[in-house]
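>>> This is a predicted model, with the sequence first.
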Amino acid sequence: MDPSDKSVQKTHRARHSGPKAEKKKSKNKHEQDLTARQRNPKAFAIQSVNKAAKSFRRTADIKAKKQHIPKVDRTPVEPPPIVVAIVGPPKVGKSTLLKCLIKNFTKQKITNIQGPVTVVAGKNRRITFIECNNDINCMIDVGKIADLALLMVDAKQGFEMEIFEFFNICQATGFPRCMGVLNHLDMYKDGKTVRKRKKHLKNRFEVELYKGARLFYLSMLVNGEYLPNEVHNLCRFISVMKIVPLTWRASHPYIFADRMEDITNPEDIRQNPKCDRTVSLYGYVRGTHMKTKSMVHIAGCGDYIIKNMTFLPDPCPTPTMEKRRSLNVKERVIYAPMSGVGGIVYDKDAVYIDMGTKSAPEQEKPSGMVAALMESLKPVDEKVRESQISIFKGGPAISGEEFDRKRQSESSDDEEEEEDEGDKDSGMEAESSEDEDSETEEVEGPVKKKRKTIKGSDDEQSDSDDGNNAMDVDDDDEDEDSDGTSDEDGDNDEESMLKWKKDMFQKAAMKHSARVNYTKMVYGDEVANETDEEEEEEDDQLGGLFKVLKKASRDGSRLDKHAINKKDCNHLEGDKEVDIDQLGEEIRDTFVTGKWDASEDAKARLDEDDALYGDFEDLETGEKHVAADVEESDISDDDSSEKEADDPEKDADQGDEEPIEREKTKAEMSAQERRAAKKKKIKELFDKEYDSKGDDQFYESWKAEMDEQAKLNKSEFEELPEEQRVQYEGFRPGMYVRVEFEQMPCELVENFDATYPVVLGGMTNIEEKLGFVNVRVKKHRWYKKILKSRNPLIISLGWRRFQTIPYYYKLEDNMRQRMLKYTPEHMHCNAVFWGPITPQGTGFLAVESVAEKTPNFRIAATGVVLELDQSVEVEKKLKLVGHPKKVFKKSAFIENMFTSALEVAKFQGARIQTVSGLRGQVKKALSSPAGAFRATFEDKIRLSDTVFLKAWVKVEVPRFIMPVTSLLLSQESKQAWLGMRTVGQLRHERGLPVPQKGDSLYRPIVRPQRENKPLVIPKALKMSLPFKDMPKELQEPKQPKRVAVVLEPHEAKVANFMKRVKAIYKDKRQKEHHMMRRRVQEHQKKVASMEAVKQEKLKEAKKRLHKILGDMKKKKDSSGSHR
């Protein structure tokens, strides 16, 4: 082989299976070195008890976090549309996002959006979009009804105050699902800056909501719209998001109105434009079932009672409701009546079709009966009266008025009642056919089919009476009619189209002629009804097209309630033998004396009760009752013993075989055995209910119970018709209803604004009442002011928004409700106000004003309802101050504390105290001056003391409530609702000073210097004191007096000389020091100049060095590139 072909040769591949490979493996036995943990892993499963316990706790925690308290699923079969609210500050892009979302779902572009817009998002889901403006009232109402909130955030501005306010509104009213939408990212040109900004805002969003909160990004605008791909992703998340029902909404019915109509009599409005209106509101029922004639609260308007409530066809049905498999692009429905979008508007007694102003092309214009109806100038009843019909060709024509007169004359004859009814039916058929004929004179195409259908139905009905011959004739006529209409010209077409009227008079006469019912005369009504039903079977056709199916029995024959009369009971069949005794027993068993079932027999039921409860004693009569089973068991025991004695041979035969043990029946047991079995059964039931046979048994059984209850709720009224079902359970969630109200204020209609939501909140009976509401409240940490008692506050509680006057208080250890003048800074406190009684645990929020436009945070406080007590006792401290008038040993006369003897009598026995701490008691009033009284103390007080009395007085909470009627205001003042104002606001507006009491002013405290008198101890006491306590009267030591020295003349000269020398030396030293400082400064200047020169030279040297190094690097790089 050529050595150049070595690369082509295949390499040797060793065998990995087969006999040869196994032989090699058996020679080279390789045992893998396994550790003890690998050989026996179970032995090393738990090395540390603490570690294993920690792992077990973690597993249990993860498992417990997935479990929630099971609740009854009250989700309706056809749920209402979910409400998606778009919230954000002004000029952030809310309207643009709403248009893009609607365009993505419906493939339609809407320019002017007013109010809610409902679209079909999928096979089982509909979505109602609403844009929330910057009004705090609108934000509160939207937060109560929104299932999903899209929070629009400007990436350039960050999170603004409206977003944080909406967070706190949702926390108080029940938190819906929230998603952030970040836009205006195209303001950043650098990609790194965009990523950093996204990360920063996402972290802040997760801090406010929860870890992992969803934040979407809209990068840029193209032609005034966001990118379709980004909008599509957002819509996908909205479509599949699971909505969890909140507690308040699941227990209260409410309607989010999408249309409002004023149905007041126009004449009343003309006479008085400010009269009360009758208004109908439309929308889907949400929450739970809503009853008619119940009271609802219209947010921003007030409480009203529903006058009338009816359900309408769903204007925006899903494909599932219409029994379609999927949602086609052409069938995507949008319903926005406030925006003029949707096409069809349903009313109680009419359906309005919006044809639009756009002219349709020729091929899309309506044709046939619809066009005839549109072009007709007269109503249908007028056309019926004026129309004429000829019964047969060439015969006289009869008008509708003549026919009515004939029918009235015929109805006076009582003997021909059935014949009259037949005439009426035939007349109505003639009217309808003539009406259709008159309507279709202008339009020919689609009506030809209609005529054939009507003719076919008439032929079928006549066939039921006339036989097969008439049917054959009709078929021939029909064939001739079809041939004539297809072959002949225009004139012949008219003749052929009128052929169906041929022989109509004879057919009608044969069908409705008076016939004597001999069957009824001979056999009675039942057999006659049987024959009538047989005739109706042939007539059970809907419009001549569909046949009504009858319920059939198991053997295939139809059920007939008169089938018992078909068989002659007087004659017996010869092939069957009848047992007379057995037949007698069967007849006897059908009566009351017969044998009853165990569940229906009263005696059997009583015996079961005796067996269950055993013996008992009547405590009134003292009579003892023995269970019937005991007596029966005794009797059965005796009978069984007798039987055993009578059959010894049978016992002997059974003795040869092995004894078969069987359980005793209840009759064979003794009373003690029955009681033991009963106790055992009860214990098994107890163990089955309370013993945990698994970790999840209780939870799973609980869930199964809730699921079973949900199925029962849905199936209870499922088979009833809608009208009857509504009367029993009310209007269930998901139904589209029309709600009518009377005596509504005219401002609601005149100042109606579609951008503000109209919410009809249902209330329970207790929520319609007013009372004192106790709540726990906390001032918001971002609100700058503190809240003061008796200052009016606007509270959003339940469906309502109202203004009230709260009192804040603190619950002390002795359960006293002590009033607080101001709310604590960082703590909770309690409050009480007059308002609607609301269930315990309901959250609320408070704002001081909805009118002021401020950049600051507007939510003043949040809290929760504590109890439903309608009475309250809030107390505040009252300190009464008095002064002693006259002091005795342990008593004194006090004045200036009370104003009359009656007040003294009220406080008689009360505890008083001095500033120094001496306690006392009020005794009795003095005759003069008024209000003075005698008091006793535990020691003698001084005349300069101040006496005060600590008391608690009950505070009366004002019964004031005013609903916030923002919907009744005009467009300019909707955000400027003003209720009660504070005293401070009134003083500020009117420029009034704050009144000040002289006693409340601070005065400068002047304390005179006190002179301490020496302590004087009596001599007798001093003599009895021990030595250590005896005052020591020590005399101060006498200090030596300084002696004046007189110098000699010589000494004075020397001292004077030395003084002058010291002065000269001191002056010389000062001069030398100043000269030294001057030299040092000059030297420092010289050194600094030298250092500057040195640094300059060093800098130049470094520049030269770096220049040289740079040139060397350039040369090196250039040489490397040439290589």
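Perfect, I can see it now.
>>> buried stuff in the strand ranked longest in the chain?
Taking DSSP state E as the criterion, the chain has its longest strand at strand 874-887. Neighbour-count burial for strand 874-887 flags V874, E875, K876, L880, G882, P884, V887 (criterion: 16 or more other C-beta atoms under 10 Å). (C-beta placed from N, C-alpha, C; glycine too.)
>>> Helix or strand with the lowest mean pLDDT in this protein?
When the helices and strands of the chain are compared on mean pLDDT, DSSP states H and E, helix 447-466 comes out lowest with a mean of 37.
>>> I'd like the domain boundaries of the protein, if you could list them.
82-251, 606-688, 764-872 (automatic domain parsing).
>>> May I see those organised as JSON lines, with mean neighbour count, mean pLDDT and distance to W952 added?
Shown next, in JSON lines, are the domains of the chain (neighbours: other C-beta atoms under 10 Å; pLDDT from 0 to 100; distance: least, C-beta to C-beta, whole Å):
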{"stretch": "domain 82-251", "mean neighbour count": "18", "mean pLDDT": "89", "distance to W952": "33"}
{"stretch": "domain 606-688", "mean neighbour count": "11", "mean pLDDT": "59", "distance to W952": "53"}
{"stretch": "domain 764-872", "mean neighbour count": "18", "mean pLDDT": "90", "distance to W952": "7"}
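>>> just for the stretch 401-550 of the chain, where's the confidence low?
Within the stretch 401-550 of the chain, the stretches falling below the threshold (pLDDT under 70) are 401, 403-550.
>>> thinking again about what came up before, save the buried residues of strand 874-887 as JSON lines, and put in distance to R195 and pLDDT too.
Formatted as JSON lines, the buried residues of strand 874-887 follow (distance: C-beta to C-beta, whole Å; pLDDT from 0 to 100):
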{"residue": "V874", "distance to R195": "56", "pLDDT": "92"}
{"residue": "E875", "distance to R195": "60", "pLDDT": "92"}
{"residue": "K876", "distance to R195": "59", "pLDDT": "92"}
{"residue": "L880", "distance to R195": "70", "pLDDT": "92"}
{"residue": "G882", "distance to R195": "75", "pLDDT": "93"}
{"residue": "P884", "distance to R195": "80", "pLDDT": "94"}
{"residue": "V887", "distance to R195": "84", "pLDDT": "93"}
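>>> mind giving me JSON lines with these and columns for distance to A213?
Formatted as JSON lines, these follow (distance: C-beta to C-beta, whole Å):
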{"residue": "V874", "distance to A213": "41"}
{"residue": "E875", "distance to A213": "46"}
{"residue": "K876", "distance to A213": "45"}
{"residue": "L880", "distance to A213": "58"}
{"residue": "G882", "distance to A213": "64"}
{"residue": "P884", "distance to A213": "70"}
{"residue": "V887", "distance to A213": "74"}
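>>> and the two most separated of those residues?
Distance extremes for the buried residues of strand 874-887: the farthest pair is V874 and V887 at 38.3 Å, using C-beta to C-beta.
>>> quick one, longest helix in this structure?
Longest helix of the chain, by residue count under DSSP state H: helix 1049-1122.
>>> Now do that helix, average pLDDT.
Across helix 1049-1122, the average pLDDT comes to 92.
>>> Stretch 302-313 too?
Stretch 302-313 comes out at a mean pLDDT of 91.
>>> Buried ones in that stretch, by neighbour count?
For stretch 302-313, a neighbour-count test (16+ other C-beta under 10 Å) marks G302, D303, Y304, I306, M309, T310, F311 as buried.
>>> right, and out of these, which lies closest to R236?
Using C-beta to C-beta, F311 is the member of the buried residues of stretch 302-313 that lies nearest R236, at 32.4 Å.
>>> doesn't E722 make contact with that closest one?
Yes. Counting by C-beta atoms under 8 Å, F311 touches E722, with 6.8 Å between them.
>>> Could you look up the SS state of A935?
strand (DSSP: H, G, I helix; E, B strand; the rest coil).
>>> Actually, R37.
Secondary structure for R37, judged by three-state DSSP, is helix.
>>> residues in contact with it?
F44 (C-beta atoms under 8 Å, 6 or more residues apart in numbering).
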